[in-house]
Structures are given as structure tokens and as C-alpha cells.
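> Give me the fold of what follows.
(chains A and B)
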Amino acid sequence: MQDEEIIQLYWDRDENAIYESSRKYGAFCSAVARNILHNRADEQECVNDTWLQAWNSMPPNRPSFLQVYLGKITRNLSFNLYKKMHREKRGGTAIDLVLDELAECVSGKDNPEKTWQASRLAEEINAFLSSLPKERQYIFILRYWYGEDIREIAYRFHMSENNVSVTLNRIRRKLKAYLTERGYDI
Amino acid sequence: MKKEDLFEALGDIDEEKVKAAGEYRKQMKPVGIRRGIAALCAAAVLIVLTLSGIFTQKPADTADVNMPSEPEPSVTHEPSGRPLEMIKVMAAYPEAAEPDTGTAEFMESDAHWKWMDSMQENIAASRQLQGDMENYYMAMMGKMLEDDDANTVCSPLNIYIALGMLAEVTDGTSRQQILDLLNTGDIETLRNNIHTLWNSNYADTPALKSLLADSIWLNNAYSYKQDTMQRLADIYYASSFSGVPGTEEMNEELRKWTDDNTGGLLHEYVQGLELSPQTVMALVSTIYYKAMWNSDFNPKNTSEELFHGIKGDTKVNMMHMTDLLGVYRTDAFTSIGLSLTDSGAMHFYLPNEGKEINDLVSDPDIIKATKSVYDEHRTNAIVHMSIPKFNVSSKTNLTDVMKELGITDVFEQHTADFSPLSDDTDIYVDKAEHAAMVEIDEHGVVGAAYTALITEGAAEVSEEIDFVLDRPFMFVITGADGSVLFTGIVRNIE
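Modelled structure (predicted):
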């Protein structure tokens, strides 16, 4: 079924929307959750909640890219669950590695006044990514949006894992400099 | 800001970009000839072609394309009129990237990005070849590494290139036997492969040296076919030296060239190199490789410990590090790989209890363990590594190895076909030998990732393993394209 038809099912309040979403994007959403949670039961819980949240958000939303829209819901749910479970302990999981890499871009301090806005920050990151060659954009997004393993990225791009790590390291440093130059005290 | 906030903000980036990234799969470009072209290692192959029977001098009747058309005016001649002085034509290798820049500075510079970009296409093309090369790697390991009690080291890539040169100067079944071993259907495919391998493995930057070099040594009493000489220069970047084999001058030049192109690491072996007056041609191929660990070992953690070698226990300097790594386990061995900056990785293999180290050389999982793909043998674990510093070297008579692997015709004067080289019919391979050395120590650069993660519990990785190389083990060093640059078995550490 085409994405537009699935979205229309949501708008028509037809419960087949969930069945069709699950059939078409269930595996994808599971992979997104798995990269963050590494636990089959938790992964399944987040994917199920994804359909519920999709049901509650369409309408009013009519996403341009249904797959990414659903994946983003799964990513948020999975990360919230990760944070809930990991308040007391850290280290060792693949998503911890992703976060530790991102830690190089930020101060690590609580910033209760929130001198930045998440949506504005995302726009700045978009602008930064647009300044990079396509493949570097994709490497960055696969690592920090999808939480994909460096080994998988290396395989996808026919690069060595080492080169992927070095590339990510360089992009992180550039991102930090880019945001700092634009007045972000992050 | 906390890292979690940034991760969440990243969730809101442009959906179109996210979609494009998720769907992206780098397409391979067809392999074709493109002109231009912490471990310290070196290897060299010498193949000497000789004329059978009593040596008779023949005048050179054509000028070689690899030699200047006008000899130097200072050239002196022996009574027969044959020039005694060497004529050299040196191959032009790619210039070093940022030779005056320090390693750390280079790694931070745009020049590093530029260099990496320039390599990507070559590396992607060469990765395509690796599947076809597995049989060759396995055949070579099986013959080169098995031994009772001595350390064995070799460079399969170095031997591949040397055999490629030999294929260029042969024809008929002599050539076919070489092509069969190299698992290439025809000479054109081999030429493409050599170019691809060369371009993906040649690196000369402040962070990585992977220097390949070839040379041909000609007897100026003979004439050589121009197109073959040109091809060796074009495809193999072979420098050429023409002179009088057997003279001290030519031997000295041969040793100097080999020493220079192996960083002096094979000096002991190189000192023994010499050509005889009967030499018609010698082919020499070298590789010098120096790379840094992506995550270095802290020298403060290195301690003196026992290595239980085949010949007995010795005290060694054992390096230690703990990291989250992919672990490859089969019934026969346990393996980990440590990344080398801008290159591939060094993979270590420890045979499981009850398994012999020599069993590993013919185990196809050895090569599989070097690949960046998941299979049922691979898991992640926190690995407490103990790896000894070592310096191992070996010299191997390639003649027996080549014969056992099916290359037989080139060694017999009545079957050898060197028609692409010369019209003389009695040429055969008199000598073929290989020397290699590998040394590792703690040095590397501070890794960008993975270095600081195991500080507080590592609660979610259920498994921790000790990986202690205190008994005979095997190693494989791969390039960024997956080529097997060096492999060996350490049975004793002096």
C-alpha cells in the first residue's frame, strides 16, 4: 500500500492504518528501537506505542515521509524508555557509545534556563549538515539519528570502521565549532 | 547542554535528509585501470630468472624503453664493449601528503579529509576484489605459515604483486599456472586487479605509511621486449636497473634499493642479496608499512610477563588494555581486531584449548573474522587484552611454495615460457624467496571513539572476556580495503 493511502486510513480513523503501518514499517521501527534499547521486549513495547502515537497524531498531521515520521516516534519513545531505565546506571550499550560521542559536542552541564530551543537547534544542525558533502551527512545521520553501529555504516559505505570513526569525529568537532560560532552555549 | 538533549534535538532534523540517509547504499563503480596511481612491517620478494647452460654474452640490440635513449656520456665499458655502469630509471611514486606536518596536526587538518576522500573510491573498488582473493590468501597462508617451532611471517599482498610481475613476463601454461593461483581468469583482469590493489594500498601520509615498490634488474647483455618492459613500468611502477649482474656494483645497488624500500627493517636479509653473472632478470617487490593503533596502549600498563612459547617460556613485555570490541569465536579460535589509523586492523587469533596453532592456517574462518559483517560467530564483549610486544621475521624459499601451489613450469627450462620477456628460450626461474617482518608496540594515537566508555560499570554488556596472548597465536594485518597485507604465527618471542 502506498504511504498516502496509509495516511488516509489514519485520517479516516480506519484501524487498518495500524495493520498496514506495522506490515510496511514494523521491521524498520523495530530496528530503530533495537539500536537504542537492545532488548526485544522493550523494543516491542516501543513499536506498539508507536502505532498508538501515530493514531493519536494523524490527524492533524499529514507527514511527507511516513517512514521517517514513524521512525521518529519510535526513536523518541525508545530514548525516553532508555532514559527511564538508565537513571542510575550507565555504560556499555551501543547507544551509550553514541551518547558518549555526542558528549564531545556539549558541555555536559544542566542548563535550566535553556538558552537554546530544541527546534531552533535542529534547524542549525540542518544548516550545518547541508554544508557537508552528501555522504558525510548520511554517515552522521545514520550514527546519531538511527543509532546505527559503526560496523554497519562501514559496510554500507564500503569504508573501514576506522575511517568511519575518524569521519564522525571530524564532523562532531566541526558541529561544535559551528554551533559555538553561532552563539550557542551548549 | 547534556548529550541526551543533543540526541533528542537531532531527532528533529530534516526528515528528507533522514530518509535519504536511511535509503543510501554506496554504489560500487566498475573496477578498471586508473592511472596515477603501531605496526611496523616490511616484506620483500626476490625472483631471479636465469639462462640455463653456459653463459654467453650477447650484444644488446635494442634500447629499452625503461632506459634513457642516450646513455650517460661518462659510462665506461669493459673490453667487449659492454657498459659497466648501471643505467637506472626510477619509477615516479605519488608524492607524500603533507610530509612536513606532524601526525597530530595532519589528523586535524583539512588535508586529512582530502586524503581520505581521495582514497574512498579506490578502497571501495578494491573491496570488491577481496572475495575473489580469499582462495589465494588461504592457499598462501597454508603454505607459508605452517611450521613446527619457528615464527612464520609473510605478506600475501607483496607476493601477489610479485607473482603478477612474473605473469607479465611469461606466457602459455607458465602464465596460466600463475593466473590460476591468483584466481584471475586472464592477464587483463590481473592487470586491473594490480592497479586497484596498488591504488587502495599505497599511502604516504604523516599518519600512515603503506609504501609499495617494484623493480626490475636487467642484464645489459640481453635485449628485452619493449612492450613488456613498458607494462611493468606502467602497471607495477617498476624502477629499472640495467647493468652487469654479478658485479659488486649491481649487487650493492640491489641491496640499497631493497633496503631503502623496506625501511632498513629487513637489513639482515638484504645483506645476503646478490645476483650471479647468469642472471637474465630479477624482479623485486617490496612493501613497507607503518601504522598507528586507533586506540593506543598505555605504556604504564605494560608489564613483564611470561610467554609460553613452543621452545619454552620467555619473559616478554605484555601490553594491556580494556575495550568494548567485536569478538569472533568459532570452535577453533577466538579472535579480536584492533583498528589501525586510516588503514584496516590487526586481528589476533588464539586457538581454543585442544586446538593446534597450525590448524588455523587452513581455517577459512580466519579470513571471515577480518570482514566487517555480522554472522553468528561475532558478539560484542568487554575485552581485557594482554598482547605481547614482539618483533618476528622469517625468510621463506618461495620456490617450494610456488611449486606446491601449482606454479611449476617456470622452474624448468624445457617448460618455462618467457617469450614476452625475451626471445631467448632457455630462461627459467632460478630463485624465488620472500622475507617479512612485523613488529608491534604500544604507540598509537588517542582514539576518537570507544576509549572512555568502560568507566562505570558497563551494566548492559553481559559478557567480559580475558584475551591473553601468552601462548602461540596467529595474526592478520589488513589494509583499509580488506587486503591481507601481513600474516604470521608467533610461536616464540625472544
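> any idea how far chain B is from the spatially most central residue of chain A?
For chain A, A:Trp145 is the residue whose C-alpha lies nearest the centre (Cα atoms, centre = their mean; 3.1 Å). Computed as Cβ to the nearest Cβ, to the nearest Å, the A:Trp145 to chain B distance reads 5 Å. All C-beta spots, glycine's among them, are computed from the backbone N, C-alpha and C.
> mean confidence for the helix or strand encompassing A:Asn162?
Using DSSP states H and E, A:Asn162 sits within helix A:161-181. Averaging pLDDT along helix A:161-181 gives 88.
> mind listing what the closest residue to B:Trp115 other than its chain neighbours touches?
Spatially, and ignoring its direct neighbours in sequence, B:Trp115 is nearest to B:Ala97 (5.0 Å; Cβ to Cβ, 6 or more residues apart in numbering or on different chains). Listed by Cβ atoms under 8 Å, 6 or more residues apart in numbering or on different chains, the contact set of B:Ala97 reads B:Phe106, B:Ala111, B:Trp115, B:Asp204, B:Thr205, B:Pro206.
> beta partners for B:Gly488?
B:Gly488 has these beta-bridge partners by DSSP bridges: B:Val153, B:Phe475.
> Show the model's pLDDT score for it.
Reported pLDDT for B:Gly488: 95.
> Now do the helices in chain A.
A:3-11, A:16-37, A:40-57, A:66-85, A:94-103, A:118-130, A:134-144, A:150-157, A:161-181 (DSSP state H).
> Could you export the fifth one as CSV, CA atoms only?
Below are the C-alpha coordinates for helix A:94-103, written out as CSV (Å, rounded to 0.1, in the frame of the first residue of the first chain):
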residue,chain,number,x,y,z
ALA,A,94,25.7,0.6,21.9
ILE,A,95,23.6,3.7,22.4
ASP,A,96,25.8,4.7,25.3
LEU,A,97,28.7,4.8,22.8
VAL,A,98,26.6,7.1,20.6
LEU,A,99,25.8,9.4,23.5
ASP,A,100,29.4,9.4,24.6
GLU,A,101,30.5,10.5,21.2
LEU,A,102,27.9,13.3,21.3
ALA,A,103,29.2,14.3,24.7
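> so how far is that helix from its chain's centroid?
Distance, stretch centre to chain centre, for helix A:94-103: 13 Å (Cα atoms, centre = their mean, to the nearest Å).
> which strands and helices sit next to it?
Judged by 3 or more Cβ pairs under 8 Å, 6 or more residues apart in numbering or on different chains; DSSP states H and E, helix A:94-103 is in contact with helix A:16-37, helix A:134-144, helix A:161-181, helix B:3-10.
> Please identify the buried residues of the helix holding A:Asn162?
For helix A:161-181, the neighbour count (16 or more other Cβ atoms under 10 Å in any protein chain shown) marks A:161-172, A:174-176, A:178-179 as buried.
> Likewise for stretch B:105-120?
Those buried within stretch B:105-120 under the rule 16+ other Cβ under 10 Å are B:Phe106, B:Met107, B:Ala111, B:His112, B:Trp115, B:Met116, B:Met119, B:Gln120.
> Please state the offset of the helix or strand of chain A at the bottom of the mean pLDDT ranking from the chain centre?
For chain A, counting by mean pLDDT, DSSP states H and E, helix A:150-157 ranks last in confidence among helices and strands (a mean of 82). In terms of Cα atoms, centre = their mean, the gap separating the centre of helix A:150-157 from the centre of its chain is 17 Å.
> any residue of it up close to chain B?
Yes: between helix A:150-157 and chain B, judged by Cβ under 8 Å from any Cβ of the partner chain, the touching residues are A:Ile150, A:Arg151, A:Ala154, A:Tyr155, A:Arg156, A:Phe157.
> Tell me the one of those residues nearest A:Gly71?
Relative to A:Gly71, the closest of the residues of helix A:150-157 next to chain B is A:Arg156; by Cβ to Cβ it sits at 16.8 Å.
> now that closest one: how far from B:Val429?
For A:Arg156, the distance to B:Val429 (Cβ to Cβ, to the nearest Å) stands at 44 Å.
> cool, B:Val327 as well?
For B:Val327, the distance to B:Val429 - Cβ to Cβ - is 43 Å.
> got it, and B:Tyr237?
Noted for B:Tyr237: a distance of 22 Å to B:Val429, by Cβ to Cβ.
> State the number of residues packed around B:Glu16.
12 (other Cβ atoms under 10 Å in any protein chain shown).
> how about A:Gly26, what does it touch?
A:Val47.
> ok, now B:Val361?
Counting by Cβ under 8 Å, 6+ apart, B:Val361 makes contact with B:Met141, B:Gly142, B:Leu145, B:Glu146, B:Met474, B:Ile489.
> Mind listing residues that contact the least confident helix or strand in chain B by mean pLDDT?
In chain B, no helix or strand scores lower on mean pLDDT, DSSP H and E than helix B:103-108, which sits at a mean of 79. The contact list for helix B:103-108 (Cβ under 8 Å, 6+ apart) reads A:Val166, B:Ala97, B:Glu98, B:His112, B:Thr205, B:Pro206, B:Ala207, B:Met292, B:Thr341, B:Val445.
> Alright, that wraps it up for me.
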